[in-house]
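Q: how would this look folded up:
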Amino acid sequence: MAQIALKIDVDTLRGTREGVPTLVRLLENAKARATFLFSLGPDHTGWALRRALRPGFLKKVARTSVLEHYGLKTLLYGVLLPGPDIGCRAATEMRAVRDAGFECGIHTWDHVRWQDNVRQRGRDWTLAQMQKSYTRFLEIFGAAPTTHGAAGWQMNDYAFAQLDAWQMAYASDGRGHGPYRPTLDGQPLAQVQLPTTLPTFDERLGVNGADASEVVRQLLALTEPDQTNHATAHVFTLHAELEGQKLAPFFAELLAGWRAQGHALVALADYYATLKLDDLPLYPISWGEIPGRAGELILQP
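A: Got it, this is the predicted structure:
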């Protein structure tokens with residue numbers, strides 16, 4: 001039996017208000033634990049339209065029906081409508097997640113601004129964005145965050161170093177095949193990275209005509225006990241805007257399938273607690289591409 005750590009990225013105001021409560025109900029019904037990672041500042045989802053010229057972006061938009069999942073109003077935030085402050089307008093919904101017993105952490109301050117800029121930005125810009133999210137998290141929850149999961153799996157060296165400065169024991173900021181300690185300039189950081197190991201729903205949806213039911217079948221095939229290659233855990237990233245809304249019935253089916261396979265559905269904290277920290281490998285911070293997703297992201301070698 002493997003653990004499957006469920007990591008929930010919450011990108012938008014709509015996802016926080018509508019998708020998150022739905023996911024809490026689905027998880028409680030499945031007796032599953034999970035980690036919710038919140039976007040805590042302005043919702044500028046409409047700025048993502050600037051990615052239209054990037055290779056593969058328009059193809060992904062067409063496959064995953066972005067308008068259908070996110071809604072027209074959300075796609076206009078930052079373009080024709082002002083970007084609402086998610087942390088101010090949805091703090092009640094965020095605290096309800098904590099009160100239901102789920103782990104909460106930082107996703108980002110401004111999702112699109114971070115995802116589109118952090119790789120090229122310097123220390124001052126990076127730390128200013130991170131400090132805004134940290135301060136807002138404290139205001140909402142009254143306690144320091146225990147974990148972090150980067151928007152779009154985008155980071156830079158200063159961001160990784162700041163996680164150590166915050167004394168975060170673990171985070172999930174990239175993609176990969178298993179837990180590890182990242183290195184900067186050849187020196188290991190204190191944090192443990194728990195990379196996303198399974199493909200996301202939107203990376204498979206529409207590929208070769210795959211509908212939502214087919215994606216569920218594909219994901220369950222990857223976690224069959226004889227297909228795990230002796231892995232003791234997986235990390236699956238889902239989105240409040242997708243699995244918490246239109247894809248909710250299919251996520252419920254996926255949860256039931258994982259339960260039937262005998263897997264424990266856990267939070268990042270639970271996964272981290274099982275690790276033998278002295279045995280973890282070291283890897284430099286690296287970039288690469290993932291099938292079904294446009295552009296490069298943090299990728300474990």
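Q: so what's Leu299 up against?
A: Shown in contact with Leu299 (Cβ atoms under 8 Å, 6 or more residues apart in numbering): 153, 174-176, 286-290. For glycine as for every other residue, the C-beta is placed from the backbone atoms N, C-alpha and C.
Q: Which helix or which strand is home to Asp9?
A: Using DSSP states H and E, Asp9 sits in strand 3-10.
Q: Tell me the strands beside that strand, with direction?
A: Applying DSSP bridges, strand 3-10 is found paired with strand 35-39 (parallel), strand 233-239 (parallel), strand 264-266 (parallel).
Q: For Asp211, which of these is the nearest?
A: Nearest to Asp211 among those is strand 233-239; the distance by Cβ to Cβ comes to 17.2 Å.
Q: CA atoms of that closest one as CSV?
A: Extracted C-alpha coordinates of strand 233-239, given in CSV (Å, rounded to 0.1, in the frame of the first residue of the first chain):
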residue,chain,number,x,y,z
ALA,A,233,4.1,7.4,-1.8
HIS,A,234,2.8,9.6,-4.5
VAL,A,235,1.9,13.3,-4.6
PHE,A,236,-1.1,14.3,-6.6
THR,A,237,-1.8,18.0,-7.3
LEU,A,238,-5.4,19.1,-8.0
HIS,A,239,-7.0,22.4,-8.4
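Q: And the contacts of that strand?
A: So strand 233-239 is contacted by 2-11, 15, 19, 23, 149, 172, 179, 194-198, 200-202, 219, 223, 228, 244, 251, 268, 271, 274 (Cβ under 8 Å, 6+ apart).
Q: how far away is Asn117 from Phe251?
A: 31 Å (Cβ to Cβ, to the nearest Å).
Q: So between the two, which is more surrounded?
A: Phe251 (23 against 15; other Cβ atoms under 10 Å).
Q: Let me see the contact set for the residue nearest the centre of the chain.
A: The centre of the chain sits closest to Asp9, judged by Cα atoms, centre = their mean, with a distance of 3.8 Å. Neighbour list for Asp9: 37, 107, 149, 151, 237-240 [criterion: Cβ under 8 Å, 6+ apart].
Q: can you give me the helices for the stretch 51-200 of the chain?
A: Assigned by DSSP state H, counting those that start in this stretch, the helices in the stretch 51-200 of the chain fall at 57-64, 66-70, 72-76, 86-89, 91-99, 111-117, 123-141, 157-165.
Q: quick check, Gly46 in a strand?
A: No. Counting by DSSP: H, G, I helix; E, B strand; the rest coil, Gly46 is not part of a strand but helix.
Q: Contacts only, for the nearest residue to Ala210 once chain neighbours are set aside.
A: Using Cβ to Cβ, 6 or more residues apart in numbering and skipping residues adjacent in sequence, the residue nearest Ala210 is Arg204, 5.7 Å away. Contacts for Arg204 (Cβ under 8 Å, 6+ apart) come out as 210, 214-215, 218-219, 292.
Q: Tell me where the model's unsure across the stretch 51-200 of the chain.
A: Residues of the stretch 51-200 of the chain that meet the criterion pLDDT under 70 lie in 51-81.
Q: what's the distance between Ala190 and Ala212?
A: Taken as Cβ to Cβ, the span from Ala190 to Ala212 is 40 Å.
Q: same question, Pro42
A: 31 Å.
Q: And for Pro21?
A: 21 Å.
Q: got the contact list for the nearest residue to Pro291 once chain neighbours are set aside?
A: Of all residues not flanking Pro291 in the chain, Glu203 sits nearest, at 6.7 Å (Cβ to Cβ, 6+ apart). By Cβ under 8 Å, 6+ apart, the contact set of Glu203 is 290-293.
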